[in-house]
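A.B. asks: the following comprises the amino acid sequence and a computationally predicted model.
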Amino acid sequence: MKDLLIHPTTYKKLRHCINAPSHAYIFYGPKGLGKKSIAYHIGAKLTTGKDDAKTFKQITSFNNPNVTIISALDGRRGTIKIGQIKDLIEEVNLTPFNKKYHRVIIIKSADKMTPEAANSLLKSLEEPSSKIIFILLADNLSAVFPTIVSRTQLINFIPPAKNELKKFLKDKSKVDDKTLDLVIRLSSGKPGESIKLLEDKNLFKEKINLIAKADDFINDTITARFKSAKEISDKGLSLNFILELIRLYRDKILLNPKNSKNLDMLIESEKQLSNNLSPRLVLENLALNLH
């Protein structure tokens with residue numbers, strides 16, 4: 001974990017999570033800030049006392065018997081269902097192989113639990129075992145059931161400062177400053193996405209094309225906008241596309257304050273995506289109403 005770029009405020013809370021763990025946490029914040037990786041590192045430390053590459057790999061390959069990982073069914077658009085939580089609760093009752101350490105339950109996409117699943121999980125959070133640690137991951141804290149939130153410790157993942165991210169990336173790559181600035185812009189300042197862009201040339205080109213598409217979208221006909229909306233949503237790039245439009249309209253406000261209405265609409269669209277509204281519907285609404 002020490003080799004990861006973590007905001008100092010977040011890092012301090014994570015150290016406490018390792019040294020004096022509570023029974024349940026929610027790691028929340030935008031995608032690309034390392035919530036999942038850090039949960040795995042903490043899982044390694046709490047279940048074995050070690051946080052080395054071998055132990056980390058055991059968790060990522062589901063070979064650590066004291067770490068259970070729950071994910072939403074059917075990918076990004078799916079949910080965590082009650083059957084998954086019931087199976088989890090049975091497993092919660094198992095004793096760690098090494099009583100010196102803990103069992104760790106990592107629930108990815110906790111903001112996608114169905115009401116039934118959330119209520120089923122609630123009892124385990126209300127009657128915690130001293131040897132079981134829950135780590136829930138959420139991009140959108142407001143979508144997590146309030147009763148779950150009230151029974152957990154919250155750790156907010158905050159984007160690092162641009163200069164810190166640039167230094168971090170420079171230490172990991174040999175690209176020039178201009179490219180690094182572009183990578184940081186394309187990733188919206190998220191370390192995880194920045195590293196992916198540096199490692200994947202095709203992804204980098206795709207994001208560059210996204211900038212051009214956002215620029216075209218502003219001036220395109222309705223028909224062309226609808227075609228772009230389908231293409232972008234099919235590729236899973238809707239959020240990045242809207243973030244790029246937000247950047248463009250922030251620049252436009254400097255020239256014409258009337259563009260603030262468009263910016264408000266884009267910010268609302270970003271919230272709608274966070275609340276799992278259909279990406280294509282969100283983009284098609286923009287296609288009709290953005291001026």
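C.D. replies: All right, it came through fine.

A.B. asks: so what are the domain limits for the chain?
C.D. replies: As given by automatic domain parsing, the domain ranges for the chain are 8-156, 200-289.

A.B. asks: among the ones you listed, which comes closest to D176?
C.D. replies: domain 200-289 (13.9 Å; Cβ to Cβ). For glycine as for every other residue, the C-beta is placed from the backbone atoms N, C-alpha and C.

A.B. asks: quick one: the closest one to chain centroid distance?
C.D. replies: Its chain's C-alpha centre lies 20 Å from the corresponding centre of domain 200-289 when counted by Cα atoms, centre = their mean, to the nearest Å.

A.B. asks: what does stretch 175-183 give?
C.D. replies: Distance of stretch 175-183 from the chain centroid (Cα atoms, centre = their mean) equals 23 Å.

A.B. asks: same question for stretch 141-161.
C.D. replies: Between the centre of stretch 141-161 and the centre of its host chain there is 12 Å, according to Cα atoms, centre = their mean.

A.B. asks: please identify the deepest-packed of the domains of the chain.
C.D. replies: Sort those by mean neighbour count, taking mean count of other Cβ atoms under 10 Å, and domain 8-156 sits at the top with a mean of 17.

A.B. asks: that one spans what distance, first to last residue?
C.D. replies: End-to-end distance for domain 8-156, by Cα to Cα, to the nearest Å: 11 Å.

A.B. asks: now do that domain, average pLDDT.
C.D. replies: Confidence for domain 8-156, expressed as mean pLDDT, is 87.

A.B. asks: elements contacting the longest strand along the chain?
C.D. replies: Secondary structure of the chain per DSSP state E: the longest strand is strand 132-138. Using 3 or more Cβ pairs under 8 Å, 6 or more residues apart in numbering; DSSP states H and E as the contact criterion, the neighbours of strand 132-138 among helices and strands are strand 24-28, helix 35-48, strand 103-107, helix 115-126.

A.B. asks: ok so, going back, so can I have TSV of the domains of the chain showing distance to K170?
C.D. replies: What follows is the domains of the chain, written out as TSV (distance: least, Cβ to Cβ, whole Å):
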stretch	distance to K170
domain 8-156	18
domain 200-289	17
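
A.B. asks: what are the ranges of the strands in the stretch 151-291 of the chain?
C.D. replies: Taking DSSP state E, counting those that start in this stretch as the criterion, the stretch 151-291 of the chain contains strands spanning 153-156.

A.B. asks: surely I80 is in contact with D111?
C.D. replies: No - I80 sits out of contact with D111 when judged by Cβ atoms under 8 Å, with a separation of 9.4 Å.

A.B. asks: for stretch 188-201, which positions count as buried?
C.D. replies: Neighbour counts using 16 or more other Cβ atoms under 10 Å place 188-198 of stretch 188-201 among the buried residues.

A.B. asks: now do it, average pLDDT.
C.D. replies: The predicted model assigns stretch 188-201 a mean pLDDT of 88.

A.B. asks: using PDB, write out every CA atom in it.
C.D. replies: Taking C-alpha atoms only, stretch 188-201 is exported to PDB below (Å, rounded to 0.1, in the frame of the first residue of the first chain):
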ATOM      1  CA  SER A 188      -9.700  13.400 -14.600                       C
ATOM      2  CA  GLY A 189      -6.800  13.200 -12.200                       C
ATOM      3  CA  LYS A 190      -7.400   9.600 -11.200                       C
ATOM      4  CA  PRO A 191      -4.200   7.600 -10.500                       C
ATOM      5  CA  GLY A 192      -5.700   4.200 -11.600                       C
ATOM      6  CA  GLU A 193      -7.000   5.500 -14.900                       C
ATOM      7  CA  SER A 194      -3.800   7.500 -15.500                       C
ATOM      8  CA  ILE A 195      -1.700   4.300 -15.200                       C
ATOM      9  CA  LYS A 196      -4.000   2.400 -17.600                       C
ATOM     10  CA  LEU A 197      -3.600   5.200 -20.100                       C
ATOM     11  CA  LEU A 198       0.100   5.100 -19.900                       C
ATOM     12  CA  GLU A 199       0.200   1.300 -20.300                       C
ATOM     13  CA  ASP A 200      -2.500   0.900 -23.000                       C
ATOM     14  CA  LYS A 201      -1.800   2.800 -26.200                       C
END
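
A.B. asks: and for it, what are the contacting residues?
C.D. replies: Contact with stretch 188-201 is made by 4-5, 30-34, 37, 159-160, 162, 165, 168-169, 172-173, 175, 183-184, 186-187, 203-204, 207, 240, 243, as judged by Cβ atoms under 8 Å, 6 or more residues apart in numbering.
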